[in-house]
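Visitor: sequence first, predicted coordinates after that:
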There are 2 protein chains.
Amino acid sequence: MASGVNLKELAAELKLSPSTVSRALNDSYEISVETKKKVISMAEKLNYQPNPFARSLRENKSKTIAVVIPERINNFFAQVIDGIEEIMQQHGYHLLIYNTHEDVDKEKKIISLLLNGRADAIVMSVSSQTSDVSHLERLHERGVPLIFFDRICSGIPTTKFITNDYESSFDATKHLLQQGCKKIAFLMLGKELSITKERHRGYLDALKEAGLEADASFNITCSQNEETNIELIRDLLLSENRPDGIFSSVEKLALCTYHAVKRTNLRIPEDLKIISFSNMSIAGLLNPSLTTITQPAFTIGEECAKLLIRKLTRPKQPDLLNQVITVPSKITIRSSTV
Amino acid sequence: MASGVNLKELAAELKLSPSTVSRALNDSYEISVETKKKVISMAEKLNYQPNPFARSLRENKSKTIAVVIPERINNFFAQVIDGIEEIMQQHGYHLLIYNTHEDVDKEKKIISLLLNGRADAIVMSVSSQTSDVSHLERLHERGVPLIFFDRICSGIPTTKFITNDYESSFDATKHLLQQGCKKIAFLMLGKELSITKERHRGYLDALKEAGLEADASFNITCSQNEETNIELIRDLLLSENRPDGIFSSVEKLALCTYHAVKRTNLRIPEDLKIISFSNMSIAGLLNPSLTTITQPAFTIGEECAKLLIRKLTRPKQPDLLNQVITVPSKITIRSSTV
DNA sequence: AATAAATACGAAAACGATTGCGAAATAATT
DNA sequence: AATTATTTCGCAATCGTTTTCGTATTTATT
């Protein structure tokens, strides 16, 4: 219903065979310059658009990349996708985007949809619930190029892009300590998450270096429900042995903390200091402004895309190397910690 | 390289013809129950996944919807897409997402890529630069189902989903007036934008009702550059005849205003009151918290998707009606206006 | 001038699914 | 018992490209 002329009709109009027209449009050396000119001008005149599915079927590639993220309303992921799109668009690729909503079952369904070659490659960040990774293994074994960013899956032998989670977290915790915090809580999403582990390790090592013990009750695993999280944090803040510093491993939980604080009569930063991983552009407009660890999200997206382009355009490219590439974050100190 | 078995191989394994296997999998009445069982179990065993391009080529539909938005790092658009995905996923559709970055030229390129039937339908919100709509007309004439939301294109005879821009803006302006504002500025992106026109009309009518004249210098058309906008607004706030109220027609400009205010010694809400269209979940955490007009973004996305599903699944469905469907917004009063 | 090489194009197969049509085998009808 | 109807399946065309192979024509070589 939608399309216009096809190759055969275009060929008939030119009194040429479809093969010649195809070759002319693909700039084959077998076609004379004059014929090429005629074909191209007629193609433009009739507004010929090649059928992408016929081409995909024949060439066994779709010029499409799938991006799988756990959350769409999230500055970090949005920026990464912008970076991916930037590079991919330059090379004529299209982006299929899927949101798992932090739900493994949804993630599995999405991955199984991608098993049939609909996308030439997949860029993903796993959900916070993901611990069984059999679906990802199957995908990788099928030979679908797959790369991870941020929330990676170390069990799959492929390239992963992350930020310097450990060092940033170490520095962030150290910053809180330097500002006088003695009791720092660590907020996280899933315990299995790669970023949780690394960031927690940095946090623990910074505490250790300062000769402090990590209080078990200060390791807060949050849920997907915002209200529940706010209450959880509020309870922590109202408890006997309340923390005087909060290190939030993800943006969302820093905001929950702000909400929780509003339900107490604690003041930031006097009674409680907060630092968080976050790519919010408006961290500076919060009350008080939030000290952040910001990932180079756009760059991460670009790097993912560039790597895939190399992999997909070179004819006999080797597999994606099993390596982790680190792009450093930047800490911006604002009022919530000083 | 990616895919596993195909229909022919599956048929060979079963000692059946491809046509029989195809019909069995599609639950045709022509196939006996036992054969169907055998086929289905073997298909599962071999993990058969039909080739989407062969199917698309044959059936002339892609099970894919394209979504075109002007900005990805934007709560409103992200929520709309979540709504679209929610419904589309239930019906087995995939989402191609394109960001125009508020650039008409990019928009035109994207639309021309969608002329070849890669997507079965398109849901879009035009860029703020879009005034010439010939590219959209061509798309519509080609017969590609096209619907608009938020930033619509009234010249194209199809269904559009918007919020009650006029009424909300009228009420918002009235609210500022009731709070004592006498000189209210209106911040906008493109003058040609449908939402700009409607929201401006609501603003003007509210002023008129209050017997106030709209000062021409209070109609601020902003650019795509954040820093430029901040300076523009700061200059306005430092001018002789500065406004005492700001009505921002889009979220982004409210944030620019907050930044601009920080560069003056004005206080919100004492010296300047602000209201803005915005879908930020953290409007309440700003300093001071921001009074907002919030669109039912997720619902808008769902409604777009539901309409398209009806259009695409019914065999001989009529064209999309040339009508505007309105879903009302909600005003939440916070500290920036009281 | 005879042969070899280069140029420019067409016929037809392939990609992997769906489907109209035909044809066996079985069941039902007269 | 002969005919018709029903069930169940296979053959082959089709969707719109790309590409292998073959071939006619022109150009270069000896």
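Guide: Sure thing, it's come through. Residues are numbered from 1 along each chain as shown, chains lettered A, B, ... in the order given.

Visitor: now do the same end-to-end measure for stretch A:241-257.
Guide: 17 Å (C-alpha to C-alpha, to the nearest Å).

Visitor: is it anywhere near chain B?
Guide: Yes. Counting by C-beta under 8 Å from any C-beta of the partner chain, chain B has neighbours in stretch A:241-257: residue A:255. All C-beta spots, glycine's among them, are computed from the backbone N, C-alpha and C.

Visitor: and that stretch, average pLDDT?
Guide: Per-region confidence: stretch A:241-257 scores 97 on mean pLDDT.

Visitor: buried residues, that stretch. List them.
Guide: Using 16 or more other C-beta atoms under 10 Å in any protein chain shown as the test for burial, stretch A:241-257 gives A:242-257.

Visitor: residue A:208 and residue B:49: what is the separation?
Guide: To residue B:49, residue A:208 is 50 Å away according to C-beta to C-beta, to the nearest Å.

Visitor: okay, those two: which has more neighbours?
Guide: Ranked by neighbour count (other C-beta atoms under 10 Å in any protein chain shown), residue A:208 and residue B:49 place residue B:49 first, with 20 against 11.

Visitor: which residues touch the more buried one?
Guide: A:115, A:116, A:117, B:3, B:4 (C-beta atoms under 8 Å, 6 or more residues apart in numbering or on different chains).

Visitor: possible to save those residues as CSV with distance to DNA strand C?
Guide: Shown next, in CSV, are the contacts of residue B:49 (distance: C-beta to the nearest atom of the strand, whole Å):
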residue, distance to DNA strand C
A:115, 12
A:116, 8
A:117, 9
B:3, 6
B:4, 9
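
Visitor: follow-up on the earlier one: which of the buried residues of stretch A:241-257 fall within helices?
Guide: Among the buried residues of stretch A:241-257, DSSP state H puts A:251, A:252, A:253, A:254, A:255, A:256, A:257 in helices.

Visitor: now the residue lying closest to residue A:283 once chain neighbours are set aside: phi and psi?
Guide: With sequence-adjacent residues excluded and distances taken as C-beta to C-beta, 6 or more residues apart in numbering or on different chains, residue A:283 is closest to residue A:290, at 4.3 Å. Torsion angles at residue A:290 (phi, psi; degrees, to the nearest 10) stand at phi -100, psi 130.

Visitor: wait, residue A:290 touches residue A:334, no?
Guide: Yes. Residue A:290 lies in contact with residue A:334 (C-beta atoms under 8 Å); the separation is 5.8 Å.

Visitor: more neighbours, those two?
Guide: Each of residue A:290 and residue A:334 has its neighbours counted (other C-beta under 10 Å); residue A:290 has more, 28 against 17.

Visitor: residue A:96 is in what secondary structure piece?
Guide: Taking DSSP states H and E as the definition, residue A:96 sits inside strand A:94-99.

Visitor: remind me what that strand packs against, helices and strands.
Guide: Judged by 3 or more C-beta pairs under 8 Å, 6 or more residues apart in numbering or on different chains; DSSP states H and E, the packing partners of strand A:94-99 are strand A:64-69, helix A:75-90, helix B:75-90, strand B:94-99.

Visitor: beyond the last one, next helix or strand please.
Guide: Following the chain from strand B:94-99 toward its C-terminal end, the next helix or strand by DSSP H and E is helix B:104-113.

Visitor: which positions in that following helix come out as buried?
Guide: B:104, B:106, B:107, B:108, B:110, B:111, B:113.

Visitor: re earlier: with the ones in helices among the buried residues of stretch A:241-257 in mind, which one is nearest to residue B:266?
Guide: Using C-beta to C-beta, residue A:255 comes nearest to residue B:266 of those, at 26.6 Å.

Visitor: what sits closest to that closest one if chain neighbours are left out?
Guide: Of all residues not flanking residue A:255 in the chain, residue B:282 sits nearest, at 5.7 Å (C-beta to C-beta, 6+ apart).

Visitor: for the one you found, give me the pLDDT.
Guide: The score at residue B:282 is 94. That number is its pLDDT.

Visitor: name every strand pairing with the helix or strand hosting residue A:147 and say which way it goes.
Guide: According to DSSP H and E, residue A:147 maps onto strand A:146-149. Strand A:146-149 pairs in its sheet with strand A:121-124 (parallel), strand A:160-163 (parallel), by DSSP bridges.

Visitor: now mean neighbour count too, for those, in JSON lines please.
Guide: Below are the strands paired with strand A:146-149 laid out as JSON lines (neighbours: other C-beta atoms under 10 Å in any protein chain shown):
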{"stretch": "strand A:121-124", "mean neighbour count": "26"}
{"stretch": "strand A:160-163", "mean neighbour count": "23"}
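
Visitor: re the thing from before, and which of the ones in helices among the buried residues of stretch A:241-257 is nearest DNA strand C?
Guide: Ranked by distance to DNA strand C (C-beta to the nearest atom of the strand), those are led by residue A:252 at 40.9 Å.

Visitor: tell me the contacts of that closest one?
Guide: So residue A:252 contacts A:71, A:74, A:189, A:226 (C-beta under 8 Å, 6+ apart).
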